[in-house]
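Novice: Quick one: sequence plus predicted model below, questions after.
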Amino acid sequence: MKEIPITHYFLPFIIGLCLTASCHNGKDTANKEAITHLNLKRGEVISCGGADNQFGQLIFETSCDPQHQADFNLAVELLHSFEYDEAEKTFAKIIDADASCAMAYWGVAMCNFHAL
């Protein structure tokens, strides 16, 4: 079995910290240019299942703007269904609307870290 360096396990945490830190200037507002450089996947979410709670029900509370709660729940459902590209699109939608939502950056990091 191939040995995986311990730093590999901390990658999502490190990416999340870097993303959060790089998206703020001295006035605590999001830096749109830094977000653009992340090259996040964007677009319509494509799902193969039906529209009636195909992923079950998930409520993942965050301190982000409550109007994005449904999108955040969908993004985590997609993430847990190994739909990494579609989850990233949904997290990017949240970041575009509320760049101060740190958990959306965590979601992007998790979409790009495939531990399995």
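Specialist: Okay, I see it.

Novice: Was I right to think residue 95 contacts residue 106?
Specialist: No - assessed by C-beta atoms under 8 Å, residue 95 is found out of contact with residue 106, at 10.9 Å. Bear in mind the C-beta positions are built from the backbone N, C-alpha and C, glycine included.

Novice: So for those two, which sits in the more crowded spot?
Specialist: residue 95 (25 against 19; other C-beta atoms under 10 Å).

Novice: Tell me who's in contact with residue 71.
Specialist: 90, 93-94 (C-beta atoms under 8 Å, 6 or more residues apart in numbering).

Novice: neighbouring contacts of the longest helix belonging to the chain?
Specialist: Secondary structure of the chain per DSSP state H: the longest helix is helix 84-97. When contacts are defined by C-beta under 8 Å, 6+ apart, helix 84-97 is touched by residues 35, 40-47, 64-65, 68, 71-72, 74-76, 78-79, 101, 104-105, 107-108, 110-112, 114.

Novice: let's go with 6 Å and repeat that
Specialist: The contact list for helix 84-97 (C-beta atoms under 6 Å, 6 or more residues apart in numbering) reads 40-43, 45, 68, 71, 74-75, 78-79, 101, 104, 107-108, 111.

Novice: Many thanks, I have nothing further to ask.
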